[in-house]
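> Fold the following, please.
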Amino acid sequence: KSVAKDANDSLTKELSAVQQKLEEAQTLNQDHEKVIRRMKEAMASSESALSEQLSVLKGELESAAKRERDQDEAAATEKSVAKDAHNSLTKELTILRHSVTDGESLELLNTQLKEKLSDAEVEKKILSE
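The predicted structure is shown next:
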């Protein structure tokens with residue numbers, strides 16, 4: 001009887017130790033699950049933040065591209081206006097040269113050219129503003 005009681009006590013102690021280890025393992029498992037859940041939440045939050053940053057950067061890139069296109073268009077317009085002004089002045093110069101051959105004095109032609117040059121400089125200054 002005593003041997004059976006000793007064996008029973010021993011088994012009870014082992015069972016108690018196994019139950020304690022099981023409880024410790026369950027607690028550890030719950031802790032790990034909490035950590036995993038928090039990590040998933042952090043990753044989802046990071047993913048959302050990265051997506052938002054990407055969206056902001058995309059918007060900035062699109063704005064920069066639009067500014068560049070606008071500057072290119074403005075430069076093309078200025079070039080076209082300058083070319084038109086040059087062509088116009090060339091035509092006027094040709095007309096004035098013909099006038100000289102028709103009898104006008106060089107002094108009058110020089111005065112007219114100075115006026116045209118002054119007008120062109122004023123126009124150029126206005127265009128550059």
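
> Low-confidence ranges, this structure, go.
For the chain, residues meeting the criterion pLDDT under 70 lie at 99-106, 109, 129.

> for the helix of greatest length in the chain, packing partners?
In the chain, assigned by DSSP state H, the helix with the most residues is helix 2-101. Judged by 3 or more C-beta pairs under 8 Å, 6 or more residues apart in numbering; DSSP states H and E, helix 2-101 is in contact with helix 106-128. (C-beta placed from N, C-alpha, C; glycine too.)

> The helix it packs on packs against which elements?
helix 2-101.

> Would you mind getting the angle between the helix it packs on and helix 106-128?
Interaxial angle of helix 2-101 relative to helix 106-128 (axes from the mean of the first three to the mean of the last three C-alpha atoms, to 10 degrees): 170 degrees.

> what's the spacing between helix 2-101 and its chain's center?
With C-alpha atoms, centre = their mean, to the nearest Å as the basis, helix 2-101 stands 12 Å off its chain's centre.

> Tell me how many other residues surround residue 52.
10 (other C-beta atoms under 10 Å).

> so how far is residue 3 from residue 90?
Going from residue 90 to residue 3 by C-beta to C-beta, to the nearest Å gives 127 Å.
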